[in-house]
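A.B. asks: Quick one, structure for this:
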Amino acid sequence: MSNKRQVKDNLRTKFFVSFAIYGLLLALVVWWLLISANDMTDRESKMTLMEDATLTIIQSYKDGTRSVIDEIAQNQSMEIYIFLVSTTPAGDETIDFDAVNHYAYTSTDEPQMPLDELQLQIEGCFRALTSGDSTSASESRTSQLLHYEFFVGEEQNRYFLFCSQSVELQEGILKMLSTQLIWITLICFALSIVMAFIMSKRLSNPIVNMSNMAHRLAKGDYSVRFSGKGYNEIELLSQSLNHTTQELSKLEGLRRDIVANVSHDLKTPLTVIKSSAEMLAEFPNVAKDKRKERLNIILKEVDRMTQLISSMTQLSLSESNSIKPNKEAFSLSKLLLSVLESLSVKMDSYDVTRKITDNLFVYADRSQISQVLFNFIDNALKYTGEDKKVIIMLTEKDGTARFDCIDSGNTLKEEDVTKIWDRYYRSSEQYSRKSQGTGLGLSIVKNILVGHESNYGVKLLEKGGSDFYFELPLIIKLYATK
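C.D. replies: Now for the predicted structure:
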């Protein structure tokens with residue numbers, strides 16, 4: 001993209017141009033309003049003067065001081081016509097344009113419009129007044145103001161007064177208004193340019209800064225922090241981007257931990273397998289019991305690698321929601337007894353206390369819940385204290401079946417309670433257990449329980465030890481009849 005195109009599409013440039021155009025339009029609107037206001041004010045003032053002047057005109061006509069009427073016509077640029085109203089044999093009122101029957105007072109030698117048009121205008125106003133109930137009327141037309149009325153003069157004769165005044169702006173007034181409006185327009189436009197610059201900079205700066213931060217984030221710099229003060233929408237956007245940055249940072253840290261831990265977990269068995277295989281290759285005539293021992297070591301390490309790969313695959317599927325719970329109704333009590341039976345050989349050397357309520361039925365994925373039970377119990381056996389005490393309970397609580405697996409080990413700390421569900425947390429500096437495992441078991445358990453919308457967690461006991469638990473909605477409790 002060329003520099004010219006970049007400037008054209010720049011957000012700040014678009015804001016600036018938009019505000020500048022808005023300022024220009026605003027100045028034009030102000031110009032139009034001022035012209036309209038001046039024209040309206042001029043008309044109103046002239047109409048008031050004309051109506052006041054008609055009183056003087058009528059009185060002067062009655063008194064015979066016609067010179068006063070001439071002065072009014074000259075001073076106010078008016079055309080004044082006074083007609084004697086006569087009555088036809090049919091009884092209709094009429095006016096005559098003969099010189100004997102009317103008087104004309106004008107500020108110029110010639111009327112402001114042709115005589116035939118003037119006559120039609122006067123007759124129209126006369127007919128409008130005679131057909132109505134009023135004796136006077138005023139009109140504001142495009143280029144003139146009109147006032148006409150009847151009055152009674154000498155010898156009780158009836159007269160019709162017609163006054164006309166042009167309202168076209170004089171050259172001086174028009175020039176003055178034009179000068180004022182030009183200055184007003186320039187000032188408004190200049191102010192709009194300044195405001196456009198300030199507003200465009202204020203609006204675009206947070207977005208430009210966030211764009212720069214986003215480029216740094218795209219390059220792997222997770223230390224960036226987005227800020228967008230001043231506007232609620234930009235602040236919400238910056239908060240969302242900061243949250244995204246934190247999550248990406250966590251994801252990147254997790255990726256590195258996974259690579260490091262998987263490399264370590266694969267490297268150890270491969271080293272053992274290699275050393276055992278090399279010994280068997282170099283000493284083919286080794287004793288039979290030594291050969292069997294080395295082969296068993298190789299098989300054990302292969303099983304360990306297989307378990308690691310299987311756990312990683314299962315965790316990946318559970319996190320991507322590729323495995324949906326296949327729910328069915330079953331007895332959680334019987335499922336727990338079945339899991340304990342499969343671990344009976346391992347539990348022979350432990351002090352295991354069982355408190356299991358019979359016939360607790362739930363609606364869940366039997367296979368996945370079996371895996372959760374196995375993991376909790378197996379972990380308790382691995383990490384319990386030197387007294388080797390483990391308590392396994394299945395009880396009814398507030399309409400749910402609650403499972404608790406309690407050990408007496410003191411390896412967990414308060415800060416580990418939320419982190420223990422993370423992948424490979426067993427390998428962290430804060431919490432490391434002596435027994436070997438893939439480090440993925442509790443992460444898989446968490447995804448299973450989240451998929452079942454189960455309440456789960458771990459509590460540290462005051463006397464030492466920890467309690468791993470989960471709850472599932474209870475669908476029915478059946479009491480044995482036999």
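A.B. asks: From now on I want contacts and neighbour counts done on CA atoms only, so please keep to that.
C.D. replies: Fine.
A.B. asks: list the contacts for I298?
C.D. replies: 272-273, 276-277 (C-alpha atoms under 8 Å, 6 or more residues apart in numbering).
A.B. asks: Among these, name the buried ones.
C.D. replies: Using 16 or more other C-alpha atoms under 10 Å as the burial test, the contacts of I298 include 273, 276-277 as buried.
A.B. asks: And the contacts of stretch 393-408?
C.D. replies: By C-alpha under 8 Å, 6+ apart, stretch 393-408 touches 332-333, 354-357, 360-362, 376-377, 380-381, 383-385, 387-392, 464-474.
A.B. asks: Extract the C-alpha set from it and format it as PDB.
C.D. replies: Below are the C-alpha coordinates for stretch 393-408, written out as PDB (Å, rounded to 0.1, in the frame of the first residue of the first chain):
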ATOM      1  CA  MET A 393     -17.500 -41.800  51.300                       C
ATOM      2  CA  LEU A 394     -20.600 -41.700  49.100                       C
ATOM      3  CA  THR A 395     -23.500 -39.900  50.700                       C
ATOM      4  CA  GLU A 396     -26.700 -38.100  49.800                       C
ATOM      5  CA  LYS A 397     -26.600 -34.300  50.200                       C
ATOM      6  CA  ASP A 398     -29.300 -31.800  49.300                       C
ATOM      7  CA  GLY A 399     -30.600 -33.900  46.400                       C
ATOM      8  CA  THR A 400     -27.200 -34.900  45.100                       C
ATOM      9  CA  ALA A 401     -24.900 -37.900  45.400                       C
ATOM     10  CA  ARG A 402     -21.600 -36.600  47.000                       C
ATOM     11  CA  PHE A 403     -18.400 -38.500  46.700                       C
ATOM     12  CA  ASP A 404     -15.500 -37.700  49.100                       C
ATOM     13  CA  CYS A 405     -12.000 -39.300  49.000                       C
ATOM     14  CA  ILE A 406      -9.900 -38.200  52.000                       C
ATOM     15  CA  ASP A 407      -6.200 -38.900  52.500                       C
ATOM     16  CA  SER A 408      -3.900 -37.900  55.400                       C
END
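A.B. asks: if we can go back for a sec, between the buried ones among the contacts of I298, which sits nearest L145?
C.D. replies: Closest approach to L145 among the buried ones among the contacts of I298 (C-alpha to C-alpha): I273, at 114.3 Å.
A.B. asks: so is the closest one in a helix, a strand, or just coil?
C.D. replies: helix (DSSP: H, G, I helix; E, B strand; the rest coil).
A.B. asks: mind checking the SS state of the residue lying closest to it once chain neighbours are set aside?
C.D. replies: In space, and not counting its chain neighbours, I273 is closest to I298: 5.2 Å by C-alpha to C-alpha, 6 or more residues apart in numbering. What three-state DSSP gives for I298 is helix.
A.B. asks: and what of E139?
C.D. replies: E139 ends up strand, using three-state DSSP.
A.B. asks: Neighbours of it, how many?
C.D. replies: Under the neighbour criterion other C-alpha atoms under 10 Å, E139 is assigned a count of 13.
A.B. asks: surely T106 meets A73?
C.D. replies: Yes: shown here, T106 and A73 form a contact pair, counting by C-alpha atoms under 8 Å, at 5.5 Å.
A.B. asks: related to what we said a few turns ago, filter the contacts of stretch 393-408 to the buried ones?
C.D. replies: Neighbour-count burial (16+ other C-alpha under 10 Å) applied to these gives 332-333, 356, 360-362, 376-377, 380-381, 383-385, 388-392, 465-474.
A.B. asks: Check the gap between the residue with the largest distance to the centre of the chain and K62 for me.
C.D. replies: Within the chain, E155 marks the point farthest from the mean C-alpha position, 84.6 Å out by C-alpha atoms, centre = their mean. Separation of E155 from K62 (C-alpha to C-alpha, to the nearest Å): 10 Å.
A.B. asks: Low-confidence stretches in the stretch 51-200 of the chain?
C.D. replies: Applying pLDDT under 70 to the stretch 51-200 of the chain picks out residues 99-102, 107-112, 168-175, 177-178.
A.B. asks: can you point me to the longest strand in this protein?
C.D. replies: The residue-count maximum for a strand in the chain (DSSP state E) belongs to strand 466-477.
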